[in-house]
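**Student:** What would the 3D arrangement of this be:
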Amino acid sequence: MSGAAPAVVVGLMSGTSLDGISAAAVRLADGPDGRVRASLLAFRQEAYTPAQRARLEAALRAGTAAEYCGVHADLGRWFGDAARAVMADAGVDAAEVAAVASHGQTAWHAPPHGTWQLGDPAQIAERTGCAVVSDFRTRDVAAGGEGAPLVPIADLLLFARDDGWRALQNIGGIGNVTVVPPWPAGAAAPAETVRAFDTGPGVVVLDGVVRTLFPALPYDRGGAIADAGVVLDAVVADALCAPFFAAPPPKSTGREWFTPEYVAQFVAACRAAGGTAADAVATATAFTARSIADQYARFLPEGVTEVLVSGGGASNPALLRALAAALQHALGNRAPAVRPFSAVYFDGEAKEAVAFALLGYLHLRGRPGNLPSATGASAPRVLGSLTPR
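**Tutor:** Coordinates of the predicted model:
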C-alpha cells in the first residue's frame, strides 16, 4: 500500500536464551521501491526474574497441559506489561498504536510438523487496549517452510546497502544470519537472492554453561570468564560434528536441540578433557564463534565484506574477538570485517523486536512477511493472526 500513512507498531520478542522480553516502539512508513522506513521511538528490556525463568525452563523442558496453559496466559500478561511500558517510554497511547506485534516465546519448533509460540495475544490486547498480531511462524510452516528465520525480511527492507553485500548476524539464544545483496536505488527488491538460515547456537549453550558452573551469574558479563579460560579444541571439534552443521540451508534450530541435557553433556565433555570451569566457558564461547565461521565457509557466497552483529552476544567482547579470529581462520583474506550492529544503526539488542514490529506492519498492509529463499516456503505469505483491540 504505497503512500499509506505511517504507523506506530510495538514489537515484542522473547528469545531462546530466556533472558527476558525485548520491547520496541517503532514508527514505520512505506518507502521507495518497496522499502520500509523505520524510526525507533523507544526500546526497553524486561528481565525475567529467577523464578519466572525457572518456571519457563521447567515448562519448556517437560510441562503438563495445565502448566502450558498457565504459562501461556502469564506470558501474555508479562508481554502486555512490557508493551505498555515501552509505549509510555515513547510517549504514545493505545489510540496511536496500530498494533502490538508479538513473537511470543517458542515452546517447540519442529518443522514440518509444526511450531508453537506461547504468550496469549488476548491477554496482550486486554492489557494494552491495542490490536495484536501474533503467531507469525505457523503460516510459513504450513506453506512448506521452516518458519524461520523471519528476521530476513527486515534485513532486506530496512538494512540493505545500495552498493555491496552485507551479512547481518544475530547472536541471541540461537545464531542466525541474513546475507543481503546490494539493492541500488530504483531497482526491484532482490528478495530471491537473500540467503538466511540459523547458524547454530548463539548464547544458549554459553549461558547454560555459565549458569551451571557459576550459578550466581546469568551469563558471562563482558566475556570475563572466557578470557580467563583456555579453549578445549577437541570439545569444539566434536560439537561441530553434529549433522545440523553439514545440512544445507534452509534450516533452523532451537532449544529442542540445545537442551539442558545438551549443556550438561557439554560441561561433562569439558571436565573429561581436564578443563576448569573457566575453560568450559571459553570453550562454549569458541563453539558459538566457530560454528558461525563454519557455516559462513560452507554456505555464504563470496563478496560479503562486512558482518553486523546484533543480539545479546554482540555485547560480549570475548565472543566478538573469537568470531573475528574464527572467520579469519576459516576464510583467510576473504574474511569480512566484524562490527556491532549498533555501530551503524541503533542498539543491536532492539533489532529483533524492531523486526517483529515490521512483521506486524506488513501484516496490517497485507504484504508478505516471509522470504521463501530463507525459509523454504513454497511462496510468499502474509504472516500472523490478528486479535482486535
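
**Student:** Helices of the stretch 251-389 of the chain, start to end?
**Tutor:** Along the stretch 251-389 of the chain, counting by DSSP state H, counting those that start in this stretch, helices occupy 260-272, 277-299, 317-331, 351-365, 372-375.

**Student:** before we move on, what about the stretch 101-250 of the chain?
**Tutor:** Going by DSSP H, counting those that start in this stretch, the stretch 101-250 of the chain shows helices at 121-128, 137-142, 152-159, 204-213, 224-228, 233-239, 243-246.

**Student:** Out of those helices, the one nearest residue 26 is which?
**Tutor:** helix 152-159 (9.9 Å; Cβ to Cβ). Using the backbone N, CA and C atoms, a C-beta is placed for each residue, glycine as well.

**Student:** ok so, going back, okay, the helices of the stretch 251-389 of the chain in JSON lines with mean pLDDT next?
**Tutor:** Listed next are the helices of the stretch 251-389 of the chain as JSON lines, based on pLDDT from 0 to 100:
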{"stretch": "helix 260-272", "mean pLDDT": "97"}
{"stretch": "helix 277-299", "mean pLDDT": "98"}
{"stretch": "helix 317-331", "mean pLDDT": "97"}
{"stretch": "helix 351-365", "mean pLDDT": "97"}
{"stretch": "helix 372-375", "mean pLDDT": "91"}
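
**Student:** Which of those helices sits closest to residue 196?
**Tutor:** Proximity to residue 196 (Cβ to Cβ) singles out helix 372-375 among these, at 3.6 Å.

**Student:** quick one: contacts of the closest one?
**Tutor:** Residues from elsewhere that reach helix 372-375 (Cβ atoms under 8 Å, 6 or more residues apart in numbering): 140, 145-150, 152, 178, 191-197, 249-250, 378-380.

**Student:** Among those, name the ones in strands.
**Tutor:** Among those, DSSP state E puts 178, 195-197 in strands.

**Student:** wait, what's in contact with residue 326?
**Tutor:** Counting by Cβ under 8 Å, 6+ apart, residue 326 has contacts 286, 289-290, 292-293.

**Student:** deepest of the helices of the stretch 251-389 of the chain, which one?
**Tutor:** Neighbour counts (mean count of other Cβ atoms under 10 Å) averaged over each of the helices of the stretch 251-389 of the chain peak at helix 351-365, with a mean of 27.

**Student:** And that helix, what does it pack against?
**Tutor:** Contact partners of helix 351-365 among helices and strands, from 3 or more Cβ pairs under 8 Å, 6 or more residues apart in numbering; DSSP states H and E: strand 7-14, strand 20-30, strand 36-47, strand 97-110, strand 132-134, helix 152-159.

**Student:** wait, which of the ones you listed is closest to residue 359?
**Tutor:** Residue 359 lies closest to strand 97-110 among these, at 5.8 Å (Cβ to Cβ).

**Student:** Check which helices and strands the closest one is in contact with.
**Tutor:** Counting by 3+ Cβ pairs under 8 Å, 6+ apart, strand 97-110 packs on strand 7-14, helix 50-62, helix 65-90, strand 114-118, helix 121-128, strand 132-134, helix 351-365.

**Student:** So which bits of the lowest-mean-pLDDT helix or strand in the chain are buried?
**Tutor:** Within the chain, no helix or strand scores below helix 50-62, which has a mean of 86 by mean pLDDT, DSSP states H and E. Across helix 50-62, burial judged by 16 or more other Cβ atoms under 10 Å covers 52-53, 55-56, 59-60.

**Student:** tell me the pLDDT at the closest residue to residue 355 other than its chain neighbours?
**Tutor:** Nearest non-adjacent residue to residue 355, counting by Cβ to Cβ, 6 or more residues apart in numbering: residue 154, 3.7 Å away. The per-residue pLDDT reported for residue 154 equals 96.

**Student:** Then residue 2?
**Tutor:** The model's pLDDT for residue 2 equals 43.

**Student:** next one: residue 5
**Tutor:** 85.

**Student:** if I pick it, what's in contact with it?
**Tutor:** Contacts of residue 5 by Cβ under 8 Å, 6+ apart are residue 29.

**Student:** And the one 10 residues further on, by the same measure?
**Tutor:** When contacts are counted by Cβ under 8 Å, 6+ apart, residue 15 is found next to 22, 172-174, 311, 352.

**Student:** and residue 382, how many neighbours?
**Tutor:** Counted with other Cβ atoms under 10 Å, the neighbours of residue 382 add up to 15.

**Student:** thought it was touching residue 362?
**Tutor:** Yes - Residue 382 is within contact range of residue 362, at 7.3 Å (criterion: Cβ atoms under 8 Å).

**Student:** who touches both of these two?
**Tutor:** 368-369.

**Student:** Low-confidence bits of this structure, can you list those?
**Tutor:** In the predicted model of the chain, residues 1-3 satisfy pLDDT under 70.

**Student:** Could you break it into its assigned domains?
**Tutor:** Per automatic domain parsing, the domain ranges recorded for the chain read 7-147+350-387, 152-343.

**Student:** Next one: residue 167 from residue 196, what distance?
**Tutor:** 10 Å (Cβ to Cβ, to the nearest Å).
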